[in-house]
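Asks: coords please:
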Amino acid sequence: MDIIEMTDEQGNWYKYKRYDGRPYVPLVYGNVKDQLQLLDSYEFRNDDVFLCTYPKSGTHWVHNIINMLRTGSMKHQGGHELMEFHDIKRLDNMSHPRTIATHITYNILPSTIKCGVGKIVYVMRNPKDVFVSLKCFLGLLKKNVYEGDTDGLLRIFLSDEFGIGVGGSWFNHTKEWDNAKSVNTALNIHTIKYEDIKRDPYGEIEKLAKFLETDSSVTFLDNIVKHIEFDRMKEEHTKSAGATEQWAHLCENGRLPLYRKGIIGDWRNMLTVSQNEVFDAAIKDKLSTLVQEGFPSDECHDVMRFENRQSGLQQIKSTGAQEVLSEMDDRRRREKNILVFGVKEQTSSDGKERKGKDEKEIEEMLRASSLPSEARKCVTKIFRLGKFDKEKEDQF
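Replies: Modelled structure (predicted):
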C-alpha cells in the first residue's frame, strides 16, 4: 500500500491511499491490504444486512430506516459502522441484528458476502448531487483529504485513477455493482434510489420492509416516515447520539457533518455551466460504455434520462418565443400555482389521445422534479400554451 500526496498545476492538493491499482480514501483503517484480507476472512452471519453505497448517497439516512424496520425502535442512530473504517473487532461488539455499512466497490467485497451470506441493500444517487454533497462535506472537516477549488475536485471525482471512494470512482462503483446484479445470482440484493425515497418515502420503505421481512403495517411504516423526515434527522444528529470519539480529529465533538439540505438537484445551484458540461460528457461516455458492455442498468438509464430531460427544459426556456414567455408571465400573475413544462406537441388527431400523452409526459417530468409527492398529487389541470384568449380566462 502507498500513501500518495499529489498537487496539480493549479495548486490543488489531494491525499489518498493506493493498493493493487485502486484508490482509497485515507479513512480506510490501517493498511488497506491487511484490512481487506481481514474482512475477506471474517465470518459474517446470515442475518446480517449490508448497506452498500458510494459516499454521500444517503448512507446514514437509509441506515436509520433499516434499523427502525429491523428493531421496531424509532431511536436515532448517530453513527453507522463502515466495516472498512474500523478495527474489525468492532463488528463482534455490534448488537444483533447487525446492519453493516460499506462504501467498498463490489469487486473487493468480502467473499462470503459475494457468496450470498446476508442481505444487501444497495443505494444509488445522482452523481452530480453526490459530488456537491461531497464537496460541502469535505469543506467542513478540520483535517482534509483535499484542498483546492471545485474544478480540481471535479477532475478527481470523475477520474478512475484518483476517484474519491473505497476502491474506485463513482463510475467504477456503479459499474461493478451493476455487473454483479446481472451475473451473480447468489446475491440477495435490493436496490434503492435516493431520489425515489425523497419522492415517495412510504412506498420505498414498504418495499424495503418486504425485502427485509419486517413488519409492514401501515401504522408502523407511517411512524417511520415521520421519524426519518430530513429536518427531524438533522436535529437528532445535533444531539449526543451524533457525537463519536472516532471522528473527533475531523470535526467538533466527532459529529460528522452528514446532514446539509437533503434535496434533489442542488447541483444546479452549485455547478457552473462549464462544470456541468464536463460532468455531462463523463456521464455520457462512462455510462454509455457500461450499457454497451452488456450490463444494462436501470439506474444509469434513469440518470441519463433525467439529465436529458433537464437539458431539454433548459433549452426550451432559453429559446422560447417571446410571446410564449409573455403568456407564461401573464399566467403567473393570474395564478401563482401554475407549473410550466416544455412538452412537444402531439400529432394525433384525437384530442383525448393528445391530452393523455401530454399528461403522461408531464407526469414523468414531475417525478424527475424536486416536488414532494403531496404537491404532485395536487396537479389537476393541464393547458397547452397558445395565444391567450380572453374567453379562456375563466378556465384558469
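
Asks: For stretch 89-99, give me every contacting residue.
Replies: 42, 45, 47-49, 51, 63, 66-67, 70-71, 80-81, 83, 100 (Cβ atoms under 8 Å, 6 or more residues apart in numbering). Every residue, glycine included, has its C-beta placed from N, CA and C.

Asks: Just the ones of these in helices?
Replies: Counting by DSSP state H, these place 63, 66-67, 70-71 in helices.

Asks: Can you say which of those are buried?
Replies: 63, 66-67, 70 (16 or more other Cβ atoms under 10 Å).

Asks: got a list of what residue 195 touches?
Replies: 125-126, 264.

Asks: re earlier: state the pair within the contacts of stretch 89-99 that is farthest apart.
Replies: By the measure Cβ to Cβ, 42 and 71 form the most distant pair in the contacts of stretch 89-99, at 23.0 Å.

Asks: list the contacts for residue 110?
Replies: 39-40, 42, 44.

Asks: how about low-confidence regions in this structure?
Replies: In the predicted model of the chain, residues 78-80, 139-143, 163, 236-261, 288-347, 349, 368-396 satisfy pLDDT under 70.

Asks: Could you list the domains of it?
Replies: Following automatic domain parsing, one finds the domains of the chain at 2-266, 321-395.

Asks: measure the first one end to end?
Replies: Meaning domain 2-266. 35 Å (Cα to Cα, to the nearest Å).

Asks: Likewise for stretch 49-63?
Replies: Terminal-residue distance, stretch 49-63 (Cα to Cα): 10 Å.

Asks: Which of the three states applies to residue 198?
Replies: Secondary structure assignment for residue 198 (DSSP: H, G, I helix; E, B strand; the rest coil): helix.

Asks: for residue 9, same thing?
Replies: Applying three-state DSSP: residue 9 is coil.

Asks: Quick check: it vs residue 169, distance?
Replies: Separation of residue 9 from residue 169 (Cβ to Cβ, to the nearest Å): 21 Å.

Asks: if you count what's nearby, which of the two comes out ahead?
Replies: Neighbour comparison, residue 9 and residue 169: the larger count goes to residue 169, with 25 against 6 (by other Cβ atoms under 10 Å).

Asks: gap between that one and residue 57?
Replies: To residue 57, residue 169 is 13 Å away according to Cβ to Cβ.

Asks: ok, residue 214 touching residue 67?
Replies: No. Residue 214 is beyond contact range of residue 67, at 10.7 Å (criterion: Cβ atoms under 8 Å).

Asks: can you pick the most crowded of the contacts of residue 195?
Replies: With neighbours taken as other Cβ under 10 Å, the top of the contacts of residue 195 is residue 125, carrying 24 neighbours.

Asks: For the residue found closest to residue 166 once you drop the neighbours it is linked to in the chain, give me phi and psi.
Replies: Nearest non-adjacent residue to residue 166, counting by Cβ to Cβ, 6 or more residues apart in numbering: residue 103, 4.2 Å away. With angles defined as degrees, to the nearest 10, residue 103 sits at phi -100, psi 10.

Asks: With residue 27 instead?
Replies: Backbone dihedrals for residue 27, given as degrees, to the nearest 10, come out at phi -70, psi -20.

Asks: how close does it get to residue 193?
Replies: 26 Å.

Asks: Equivalent analysis for residue 226, please.
Replies: Counting by Cβ to Cβ, the gap from residue 226 to residue 193 is 21 Å.

Asks: Same drill for these two, tell me which one is more crowded.
Replies: residue 193 (20 against 11).

Asks: Tell me the bridge partners for the more buried one.
Replies: For residue 193, the beta-bridge partners under DSSP bridges are residue 124.

Asks: What is the nearest of the contacts of stretch 89-99 to residue 119?
Replies: Set against residue 119, the nearest of the contacts of stretch 89-99 by Cβ to Cβ is residue 49 (5.0 Å).

Asks: what's the closest one in contact with, if anything?
Replies: 66, 70, 97-100, 118-121, 212.

Asks: Let me know the closest of those to residue 355.
Replies: Scanning those for proximity to residue 355, where the rule is Cβ to Cβ, the winner is residue 121, at 39.8 Å.

Asks: so what secondary structure elements neighbour the helix or strand hosting that closest one?
Replies: For residue 121, the host element (DSSP states H and E) is strand 119-124. With contacts defined as 3 or more Cβ pairs under 8 Å, 6 or more residues apart in numbering; DSSP states H and E, strand 119-124 has these neighbours: strand 49-53, helix 59-71, helix 170-183, strand 189-193, helix 201-212.

Asks: most tightly surrounded among those?
Replies: Mean neighbour count (mean count of other Cβ atoms under 10 Å) peaks for strand 49-53 among those, with a mean of 25.

Asks: Walk me through which strands that one pairs with, and which way each runs.
Replies: Strand 49-53 has these strand partners (DSSP bridges): strand 99-102 (parallel), strand 119-124 (parallel).

Asks: What is the subsequent helix or strand relative to the last one?
Replies: What it means is strand 119-124. helix 127-139.

Asks: got the contact list for that following helix?
Replies: Against helix 127-139 from outside (Cβ under 8 Å, 6+ apart): 54-57, 144-146, 150, 153-154, 157, 164, 170-171, 194, 256-258, 260, 264-267, 270-271, 276, 279, 283, 303.

Asks: go on, stretch 63-73?
Replies: Contacts of stretch 63-73 (Cβ under 8 Å, 6+ apart): 49, 51, 74, 76-77, 80, 97, 99, 101, 121, 197, 205, 208-209, 212, 214-215, 220, 224, 227-228, 233.

Asks: gap between residue 76 and residue 136?
Replies: 22 Å.

Asks: for residue 359, that is, sorry about that
Replies: Taking Cβ to Cβ, one finds residue 359 at 37 Å from residue 136.

Asks: wait, residue 57 sits on residue 193?
Replies: No. Counting by Cβ under 8 Å, residue 193 is not a contact partner of residue 57; they are 9.5 Å apart.

Asks: anything in contact with each of those two?
Replies: 123-125.

Asks: Would you mind giving these as a markdown table with distance to residue 3 added?
Replies: As requested, the shared contacts of residue 57 and residue 193 are exported to a markdown table (distance: Cβ to Cβ, whole Å):
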| residue | distance to residue 3 |
| --- | --- |
| 123 | 29 |
| 124 | 30 |
| 125 | 29 |
